[in-house]
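**Q** Sequence and predicted structure, then a few things I'm wondering about:
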Amino acid sequence: MAGEITTIARPYAEAVFARAEESDKLDLWSEMLSLLAQVVSDATMAAVIADPLFDRSQLSELMLDIGGSHLSDEGQNLVRLLVQNGRLPVLPEIAEMYEQLKAESQRILNVYVRSAYMLLPAQEKQIAAALKAKLGREIIITSEEAPDLIGGVHIRAGDMVIDGSVQGRLQQLANELGI
């Protein structure tokens with residue numbers, strides 16, 4: 001199912017990104033897509049969207065009313081198109097893919113760091129500088145404390161994973177020993 005949602009969302013995300021880049025409104029589209037994704041993710045709204053008896057034109061109007069002044073004319077057109085095609089539920093995936101395309105175009109990489117202890121800002125800067133030198137991109141670090149790592153850090157940067165944690169080393173040793 002997840003693969004199907006991605007397949008459905010990709011053309012919309014790419015079209016929105018192309019239009020946002022063409023009109024130099026990348027941040028505006030980020031805000032609009034984020035808002036719309038939050039709306040359709042709400043449990044009550046999801047039930048309304050899934051209800052086949054709820055009139056599609058009323059659904060469009062409801063979405064446009066909720067979006068209000070936060071939606072540009074093009075944003076409103078996107079809502080109408082998604083409602084017409086029955087694609088409102090994929091809005092969170094569209095928003096996520098759009099953000100990935102935006103980050104790629106701006107050469108930004110979001111990096112997630114898990115550490116046994118909370119990282120100090122200076123430590124985050126060191127990790128960001130090292131990754132920037134290695135990957136040639138601007139780095140945005142999001143860190144979290146994960147005591148289960150025992151010690152060290154676990155870094156996820158896109159598809160790349162660097163596991164410098166004690167837990168990871170113990171797991172690797174267990175695998176080598178066949179435990």
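**A** Yes, it's here.
**Q** Is Ala37 in a helix, a strand, or coil?
**A** Put simply, Ala37 is helix when judged by DSSP: H, G, I helix; E, B strand; the rest coil.
**Q** contacting residues for it?
**A** Residues near Ala37 by Cβ atoms under 8 Å, 6 or more residues apart in numbering: 91-92, 94-96. Where you see a C-beta, it was placed from the backbone N, CA and C, and this is true even at glycine.
**Q** The same query, at a cut-off of 6 Å, please.
**A** 91-92, 95 (Cβ atoms under 6 Å, 6 or more residues apart in numbering).
**Q** From those residues, list the buried ones, please.
**A** Applying 16 or more other Cβ atoms under 10 Å to the contacts of Ala37, the neighbour count classes 91-92, 95 as buried.
**Q** Same list (those) but as a markdown table, adding distance to Glu61 and pLDDT.
**A** Below are the buried ones among the contacts of Ala37 laid out as a markdown table (distance: Cβ to Cβ, whole Å; pLDDT from 0 to 100):
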| residue | distance to Glu61 | pLDDT |
| --- | --- | --- |
| Leu91 | 17 | 96 |
| Pro92 | 21 | 96 |
| Ala95 | 22 | 96 |
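**Q** Just the closest of these to Tyr12, please.
**A** Nearest to Tyr12 among these is Leu91, at 8.7 Å by Cβ to Cβ.
**Q** Contact partners for that closest one?
**A** Residues near Leu91 by Cβ under 6 Å, 6+ apart: 36-37, 40.
**Q** And the residues you listed, which is closest to Leu170?
**A** Ala37 (38.6 Å).
**Q** Show the model's pLDDT score for the closest one.
**A** Listed pLDDT for Ala37 reads 96.
**Q** do the same with Thr142
**A** Looking at Thr142, its pLDDT reads 94.
**Q** can you tell me which of the buried ones among the contacts of Ala37 lies nearest to Ile8?
**A** Here the nearest of the buried ones among the contacts of Ala37 to Ile8, counting by Cβ to Cβ, is Leu91; it sits at 10.8 Å.
**Q** For the helix ranked longest in the chain, buried residues please.
**A** Criterion DSSP state H: the longest helix present in the chain is helix 2-22. For helix 2-22, a neighbour-count test (16+ other Cβ under 10 Å) marks 8-9, 12-13, 16-17, 20 as buried.
**Q** With stretch 30-40 instead?
**A** Across stretch 30-40, burial judged by 16+ other Cβ under 10 Å covers 32-37, 39-40.
**Q** cool, stretch 41-56 as well?
**A** 45, 49.
**Q** end to end, how far does it reach?
**A** In stretch 41-56, first residue to last residue: 18 Å (Cα to Cα, to the nearest Å).
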